[in-house]
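Asker: give me a 3D structure for the following:
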Amino acid sequence: MTKLYGELAIENNKLERFENRTQTRKYDINFTCPEFTCVCPKSGFPDFATIYIHYIPKKWCIELKSLKLYINSFRDKKIFHEDVTNDILNDLSKLLEPHYLEIKSEFTVRGNIKTVVTAKFGSK
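Answerer: Numbering: from 1, shown residues only. This is a model prediction of the structure:
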């Protein structure tokens, strides 16, 4: 069966960056990704989360379409909540080399437990 264009876009995506045009001052960039999904590696059930990305750029900023497709690439991935958060932090910190980066993953309640994982890179 032929893959749909969205599936191909996610599959072929590479995170992209562009040069920060205001490197003379520190400033904050915040993104909210409210439709994050992945798969629980223990049960196979879907997990849903809101991913919060906060960073203070140095030389590089993230290109938003590539970020969207990157976030969507987790949809069918079997991965623990902690690994989601740390994988995103590792990938973005490697790409952007920011002053500061914080990833907060707020997963929806499952079995009466709400999971929130926060990982940080650098300093403010």
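Asker: quickly list what the residue nearest to Arg17 when sequence neighbours are not counted is bridged to.
Answerer: Using C-beta to C-beta, 6 or more residues apart in numbering and skipping the chain neighbours, the partner closest in space to Arg17 is Trp60 (4.2 Å). (Glycine included, C-beta is placed from N, CA and C.) Beta-bridge partners recorded for Trp60 (DSSP bridges): Glu19.
Asker: distance check, Trp60 against Ile29.
Answerer: 11 Å (C-beta to C-beta, to the nearest Å).
Asker: which of these two has more residues huddled nearby?
Answerer: Trp60 (18 against 15; other C-beta atoms under 10 Å).
Asker: surely that one and Gln23 touch.
Answerer: No. Applying C-beta atoms under 8 Å, one finds Trp60 not in contact with Gln23, separated by 9.8 Å.
Asker: name the residue closest to the centre of the chain, please.
Answerer: Ile88 (4.6 Å; C-alpha atoms, centre = their mean).
Asker: list the buried ones in stretch 84-98?
Answerer: Val84, Thr85, Asp87, Ile88, Leu89, Leu92, Ser93, Leu95, Leu96, Pro98 (16 or more other C-beta atoms under 10 Å).
Asker: pull the CA atoms of the helix or strand where the second one lies into CSV?
Answerer: In this case it means Thr85. Per DSSP states H and E: Thr85 is located in helix 81-96. Extracted in CSV, the C-alpha atoms of helix 81-96 (Å, rounded to 0.1, in the frame of the first residue of the first chain):
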residue,chain,number,x,y,z
HIS,A,81,7.8,8.8,29.3
GLU,A,82,11.3,9.4,30.7
ASP,A,83,12.9,8.5,27.4
VAL,A,84,10.6,10.7,25.4
THR,A,85,11.6,13.7,27.4
ASN,A,86,15.3,12.9,27.4
ASP,A,87,15.4,12.0,23.7
ILE,A,88,13.8,15.3,22.8
LEU,A,89,16.2,17.2,25.1
ASN,A,90,19.3,15.3,23.6
ASP,A,91,18.2,15.9,20.0
LEU,A,92,17.4,19.6,20.4
SER,A,93,20.4,20.4,22.5
LYS,A,94,22.7,18.7,20.0
LEU,A,95,21.1,20.6,17.1
LEU,A,96,20.7,24.0,18.7
